[in-house]
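In: below are the sequence and a predicted model; questions follow.
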Amino acid sequence: MSRFGSLDPDLIQSGGCTDIYFPRCEAVLEKAGLNPSVVIEVSVASLPLGFGILAGLDSVMELFSGKPVSVSALPEGSIFYEGEPVMVIEGYYLDIARFETALLGFLCHASGIATAAAHIVSVAAGRPVFSFGSRRQHPAIAPMIERAAWIGGVAGVSNTAAPAGIPLAGTMPHAYVLSFDSPESAWAAYAEYADPDVPRIMLCDTLSDEKAEALAAARIGCSAVRLDTPRSRRGDIRSIIGEVRWELDTHGYQDVKIFLSGGVTAADIAALRDIVDSFGVGGAIANAPVIDFSADIVEKDGTPIAKRGRRSGRKQIWRLDGRGEEDSGPAGGRGIGESSPAGSHLGNSRAGRRVLPHTQTPPAGAAPLLVELIRAGRPVAT
Ligand SMILES: O=P(O)(O)OC[C@H]1C[C@H](OP(=O)(O)OP(=O)(O)O)[C@H](O)[C@@H]1O
Ligand SMILES: [Zn+2]
């Protein structure tokens, strides 16, 4: 029996977490004596934001290691576009079939979060964005959520179960403030007792007006005030934030920054990034729509073949000016443990890329973006 509704990872590894039609059709193929060698490409036909950031590769590598298949893919954190094969899997179909469910699940969910994070980070235009939304999802996938948000470019994450190397960030809950007899005593205790390396960011909207609480917190001493104003009180949040900034400046607290959280979306950030110093984003990242990848046969026993709506034959993505590393590296995010985003290349138009048949000679100076990761079940040193 699984605990907390989550699954034993060994069952995923063995193909036990799959859509029932796979084992059913495997059995028929076996009885029919069929097991073609295939090339399967993972791609997406439509990307609402016009681009995607690839994430979830760590789990796919684990899934296929030790299995008699070969895998090539765009490196994790790469930007990709509609119709581009982000991953290519080769092997006998019966060695791949039932793993399609887990393969797509790993990529769809993590890439959706990484893409939303990258979009929000690019809209924030240099203002730090923190992932505060792991509470909006099942805790068993908190490490995946925070890792994908980090790959998408956030400056830090709130969940302590995040993979090592990702900075943790957080402030204080309203429950903490309410545990004291006043917000002032809550802030004073935090200023005095919180670990020295914890930023003094005080939550300023619990019992009274943001302007009054922000000034009171600044007088006690803080580096920033967090506004998490409930929807019922929001009204014109821009005016509220503008008043808080004005009063802080007028009273000599120009250095006290403003941190905004609570239902923050990319549109909010676009509208407020000129008067807010950093953002805590929950559901807009953690609950991001998945990227709707599909896995399709494009070659069978060496012959190009594909279902309607897909182009047959194995392909390569070429970066025409040879800057493969820019596209094949973190394009909107970064690898785990890297100190900062590799700079957002979200401006990368797909004009600089070309998808060609695997057998076709590319233009001079072009760089291949799909790289071999696993050969016959063994990871390829990259
Ligand atoms: O973008 P969202 O999905 O809204 O979540 C982001 C913030 C908002 C929420 O505030 P509260 O719900 O007031 O929780 P708390 O009092 O614990 O901060 C909590 O601080 C989350 O980290
Ligand atoms: Zn709260």
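Out: Thanks, I have it. Treat the numbers as computed from the prediction; the structure is a model and nothing was measured. Numbers count the residues shown, from 1 in each chain. Ligands and ions are numbered 1, 2, ... in the order given.

In: and stretch 77-95, what's its mean pLDDT?
Out: The average pLDDT for stretch 77-95 rounds to 97.

In: same question, stretch 127-135
Out: For stretch 127-135, the mean per-residue pLDDT is 97.

In: contact partners of it?
Out: With C-beta atoms under 8 Å, 6 or more residues apart in numbering as the test, stretch 127-135 has contacts from 117, 120-121, 142, 145-146, 149-150, 153-159, 161, 169-170, 261, 269, 273, 276-287. To be clear about C-beta, it is placed using only N, CA and C from the backbone, and glycine gets the same treatment.

In: now, these that are in helices?
Out: Counting by DSSP state H, these place 117, 120-121, 142, 145-146, 149-150, 269, 283-286 in helices.

In: hmm, the helix or strand encompassing residue 187 in reach of ligand 1?
Out: Residue 187 is part of helix 183-193 when elements are defined by DSSP states H and E. No - using C-beta under 6 Å from any ligand atom, helix 183-193 stays clear of ligand 1, with a minimum separation of 12.2 Å.

In: got the buried residues for that helix?
Out: 183, 184, 186, 187, 188, 190 (16 or more other C-beta atoms under 10 Å).

In: with pLDDT added, can I get those in a markdown table?
Out: Below are the buried residues of helix 183-193 laid out as a markdown table (pLDDT from 0 to 100):
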| residue | pLDDT |
| --- | --- |
| 183 | 98 |
| 184 | 98 |
| 186 | 98 |
| 187 | 98 |
| 188 | 98 |
| 190 | 98 |
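
In: any chance of these in TSV with distance to residue 38 as columns?
Out: TSV is the format used below for the buried residues of helix 183-193 (distance: C-beta to C-beta, whole Å):
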residue	distance to residue 38
183	63
184	67
186	61
187	62
188	66
190	58
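
In: out of the contacts of stretch 127-135, which are buried?
Out: Neighbour counting by 16+ other C-beta under 10 Å classes 117, 120-121, 142, 145-146, 149-150, 153-159, 169-170, 261, 269, 273, 276-286 among those as buried.

In: spell out which parts of the stretch 201-350 of the chain neighbour ligand 1.
Out: Checking the stretch 201-350 of the chain against ligand 1 by C-beta under 6 Å from any ligand atom, the hits are 228, 261, 262, 263, 264, 280, 281, 282, 283.

In: touching whichever helix or strand residue 88 is part of from outside, list them.
Out: According to DSSP H and E, residue 88 maps onto strand 87-92. Contacts with strand 87-92, where a contact means C-beta under 8 Å, 6+ apart, come from 35-42, 60, 64, 67-74, 96, 103, 107, 295, 314-315, 370.

In: before I go, just wanted to say thanks for your time.
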